[in-house]
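[1] give me a model of this one.
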Amino acid sequence: MAQSKQGDTVQVHYRGTLKDGSIFDQSSEGNPLEFTIGSGMLIPDFEAAVVGMQQGEEKTINVEAANAYGVYREDMIIEVPRAEFPDHITPQVGQQLQLTQQDGHPLVVTISEVTDSSVTLDANHALAGKDLTFDITLVNIL
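    Predicted coordinates:
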């Protein structure tokens, strides 16, 4: 039976969980995730885990935060004076906004605190600082 290798396009089902067992993402049984191994579309450890798998094979991997979405960085917390916040937006904790960085690239931030005088924005990925576990099943090598 063929084993997957770098450059192969594959389809996998997966379930991603946190240390407490909560699921943060998963493929549905009807729609496997399709990607090319080595393309850099996914977390490198996830892609590497699929290398050498055979169709139907299952595997569980653990990915440390630093190798997933990075460590949680305090320097990615921005406090904006409420007076500088756009009038047409009523800020609420948990709300996500898209900002444009100086280089023109978009940056998604989450409002983490709202006071009468300021709005605190968190530019960390929602999974930053979290170790991840993936249950992976190789569905097909295309």
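
[2] and residue 130, helix, strand or coil?
    Following DSSP: H, G, I helix; E, B strand; the rest coil, residue 130 is assigned to coil.

[3] can you give me the distance of it to residue 65?
    Distance of residue 130 to residue 65, computed by C-beta to C-beta, to the nearest Å: 5 Å. Yep, even glycine has a C-beta here, placed from its N, CA and C like the rest.

[4] of those two, which one has the most company?
    Legend: neighbour count by other C-beta atoms under 10 Å for residue 130 and residue 65, higher for residue 130 (19 against 15).

[5] could I get the contacting residues of the more buried one?
    Applying C-beta atoms under 8 Å, 6 or more residues apart in numbering, one finds that residue 130 lies in contact with 18, 19, 65, 68, 69.

[6] among those, who's most crowded?
    In the contacts of residue 130, the most neighbours by other C-beta under 10 Å go to residue 68, 22 neighbours.

[7] and for the residue nearest to it when sequence neighbours are not counted, the neighbour number?
    Of all residues not flanking residue 68 in the chain, residue 132 sits nearest, at 5.0 Å (C-beta to C-beta, 6 or more residues apart in numbering). Residue 132: 22 surrounding residues under other C-beta under 10 Å.

[8] how much space separates residue 132 from residue 141?
    24 Å.

[9] again with residue 27
    To residue 141, residue 27 is 16 Å away according to C-beta to C-beta.

[10] repeat that for residue 123.
    37 Å.

[11] check residue 117 too.
    57 Å.

[12] between those two, who's got more neighbours?
    With neighbours defined as other C-beta under 10 Å, residue 117 and residue 141 compare such that residue 141 has more, 18 against 9.

[13] show me the contacts for the more buried one.
    Residues counted as contacts of residue 141 (C-beta under 8 Å, 6+ apart) are 2, 4, 8, 9, 10, 55.
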